[in-house]
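K.L.:
Can you look at this prediction? I've put the sequence above it.
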Amino acid sequence: MGRLFGTDGVRGVANSELTCELALKIGRAAAYVLTDSGNRHPKIIIGKDTRISSDMLEAAITAGLCSVGADVVQLGVIPTPAVAYLVEKYKADAGVMLTASHNPCQFNGIKIFSGDGYKLPDALEDKIEEIVFNKTEELPVPTGGDIGTVTTAPNVVRDYVDHIKSTVPFSLDGLRIGIDCANGAASRTAELLFTELGAECHMISSHPNGVNVNDNCGSTHMENLMAFVRENGLDAGVAFDGDADRCLAVDDKGNFVDGDFVMAICAADMKSRGKLEKNTAVGTIMTNMGFSRFCEENGMHFEATKVGDRYVLERMKQSGYNFGGEQSGHVIFLDFATTGDGQLTAAQLLSILKRRQAKLSSLVTLMTRYPQVLVNVEVAEDGKARFASDAVVQEAVEKARKELGEDGRIVVRPSGTEPLLRVMVEGQDTQLIRKLANSVAGVLKERLA
């Protein structure tokens, strides 16, 4: 698999790239590294999403953890942000989530959280990687009563749902909402959560069978929810991905509402209530230019990081900010959570509709979105590494940048989880940005595919 950890944990095709043997090694290494190499019986919780390989990998990583003396608490199917929340609530030393997020069912992955509920910093991931690749035989091999145990936690759904409910201090009574669970982890929690908050819930893609996660549904396939909201005359729709750490929305007219619009609405609401720390929102280099202009016009500051919610979170923690996110729907409310949480985001967005007695279709008009074209280019295995040093590619990018001028921009970046280069072009002239995106993509394909 090359380097184990990408921008969002370990990920690969289950049983081919991400094997049981590798999961076992990661479990052994993680238990050792995350417990300061000294705790005799560290407590580690494990959650998983609904994909068919999650049971297999859960067994493997559990075996690895127990084999170095860790006591494992299995949470069952649960959203990624629930693991991040419960690791602290249950006073665990670490948390593990088995998921490939928005990817198809053949993929799976391993996300690891430290005892404070945050994703691991690069330095700890590097330590785990070093042990997996070079030092597995140096790990302790306990016997007898020093081997770890396995238990389950019966109240995980209740504990997580109660936590999200506590962030909305009034009922959502009267709101009729569509919810697309992507046949993923939210299938276990979303209907209960939003029904108890008082909303009238209309569910789609909430019956997982192991292979239908993200299959033409969820936050990467919004068309079904858009049609569903229109056909049923609903007030709004919210869609999650496989592990429910992201949320995208649909307004009352059936129009798509991406993460930048969700952030604009939430940031403005937080500022109006004096809840936005330092009046600053954090996004990424892929955040639409319209969002930064919106912030300027409304007395807020905007800061951009590299792509990946981990980098958004790092900036927030470093600088004392409490709100940030990505266009893809990873939104972080640091007052309530240590990571992006789709159901928390949905609850906050819907609470704004209720508090303001406003339609989502009117709130999205707060921000004017710049036209944006995104083209994904499949490249060879070493293509992502060669991108920055290829003079022909860099010349094509610079030429496009000059043609766009100050009223647009181009970003070309490697995917953190797939063999892709992503070309994003923004500007006022839709025809021009489409032409430039395709032109640069053509050069990438020619040079790096």
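P.N.:
That came in fine, so what should we check first?

K.L.:
Without its sequence neighbours, what residue ends up closest to D269?
P.N.:
I352 (4.9 Å; Cβ to Cβ, 6 or more residues apart in numbering). For every residue, glycine as well, the C-beta is placed using N, CA and C.

K.L.:
close enough to count as contact, that neighbour and A267?
P.N.:
No. Judged on Cβ atoms under 8 Å, I352 makes no contact with A267 at a distance of 10.8 Å.

K.L.:
So for those two, which sits in the more crowded spot?
P.N.:
A267 (29 against 18; other Cβ atoms under 10 Å).

K.L.:
and the host helix or strand of the more buried one, which residues are buried?
P.N.:
Using DSSP states H and E, A267 maps to helix 259-272. Buried residues in helix 259-272, counted by 16 or more other Cβ atoms under 10 Å: 259-271.

K.L.:
returning to that earlier point: could you say which helix or strand holds the residue nearest to D269?
P.N.:
Going by DSSP H and E, I352 is part of helix 342-356.

K.L.:
what's that helix packed up against?
P.N.:
Counting contacts by 3 or more Cβ pairs under 8 Å, 6 or more residues apart in numbering; DSSP states H and E, helix 342-356 packs against helix 80-89, helix 156-165, helix 190-196, strand 236-240, strand 247-250, helix 259-272, strand 331-333, helix 360-363.

K.L.:
L18 is nearest to which of the ones you listed?
P.N.:
Among the helices and strands packed on helix 342-356, the nearest to L18 by Cβ to Cβ is helix 80-89 (16.4 Å).

K.L.:
relative orientation of the closest one and helix 342-356 in degrees?
P.N.:
100 degrees (axes from the mean of the first three to the mean of the last three Cα atoms, to 10 degrees).

K.L.:
Any idea how far helix 80-89 is from the middle of the chain?
P.N.:
14 Å (Cα atoms, centre = their mean, to the nearest Å).

K.L.:
From the contact counts, what lies against it?
P.N.:
strand 43-48, strand 71-77, strand 94-98, strand 107-114, helix 156-165, helix 342-356.

K.L.:
can you redo the ones you listed as TSV with distance to G184 and mean pLDDT?
P.N.:
Below are those laid out as TSV (distance: least, Cβ to Cβ, whole Å; pLDDT from 0 to 100):
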stretch	distance to G184	mean pLDDT
strand 43-48	11	98
strand 71-77	9	98
strand 94-98	12	97
strand 107-114	12	95
helix 156-165	14	99
helix 342-356	10	98
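
K.L.:
Of all the ones you listed, which one is nearest R246?
P.N.:
Comparing the helices and strands packed on helix 80-89 by Cβ to Cβ, helix 342-356 comes nearest, at 5.1 Å.

K.L.:
could you point out which element follows the helix holding A267?
P.N.:
With elements assigned by DSSP H and E, the helix or strand that comes after helix 259-272 is strand 280-284.

K.L.:
Export that next one to PDB, keeping only CA atoms.
P.N.:
In PDB, the C-alpha atoms belonging to strand 280-284 read as follows (Å, rounded to 0.1, in the frame of the first residue of the first chain):
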ATOM      1  CA  THR A 280     -13.200  33.600  12.000                       C
ATOM      2  CA  ALA A 281     -14.200  30.600   9.900                       C
ATOM      3  CA  VAL A 282     -11.500  28.200   8.600                       C
ATOM      4  CA  GLY A 283     -11.800  26.500   5.200                       C
ATOM      5  CA  THR A 284      -9.400  25.000   2.700                       C
END
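
K.L.:
about what we covered before: got the contact list for the residue nearest to D269?
P.N.:
By Cβ atoms under 8 Å, 6 or more residues apart in numbering, I352 lies in contact with I265, C266, D269, A358, L363.

K.L.:
Which two of the residues you listed have the greatest separation?
P.N.:
C266 and A358 (13.3 Å).

K.L.:
follow-up on the earlier one: can I get the helices and strands packed on helix 342-356 in TSV including distance to T136?
P.N.:
Listed next are these as TSV, based on distance: least, Cβ to Cβ, whole Å:
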stretch	distance to T136
helix 80-89	25
helix 156-165	31
helix 190-196	39
strand 236-240	36
strand 247-250	39
helix 259-272	39
strand 331-333	34
helix 360-363	51
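
K.L.:
Let me know which of those is the nearest to R40.
P.N.:
helix 80-89 (19.3 Å).

K.L.:
can you pull the buried residues of that closest one?
P.N.:
Judged by neighbour count (16+ other Cβ under 10 Å), helix 80-89 contains these buried residues: T80, P81, A82, V83, A84, Y85, L86, V87, E88.

K.L.:
Need the contact partners of it.
P.N.:
Residues contacting helix 80-89 (Cβ under 8 Å, 6+ apart): 45-47, 49, 75, 78, 92, 94-97, 99, 101, 111, 113-119, 153, 156, 159-160, 163, 185, 189, 243-245, 337-344.

K.L.:
farthest residue from the center of this structure?
P.N.:
Distance from the C-alpha centroid of the chain, by Cα atoms, centre = their mean, peaks at G144 (40.0 Å).
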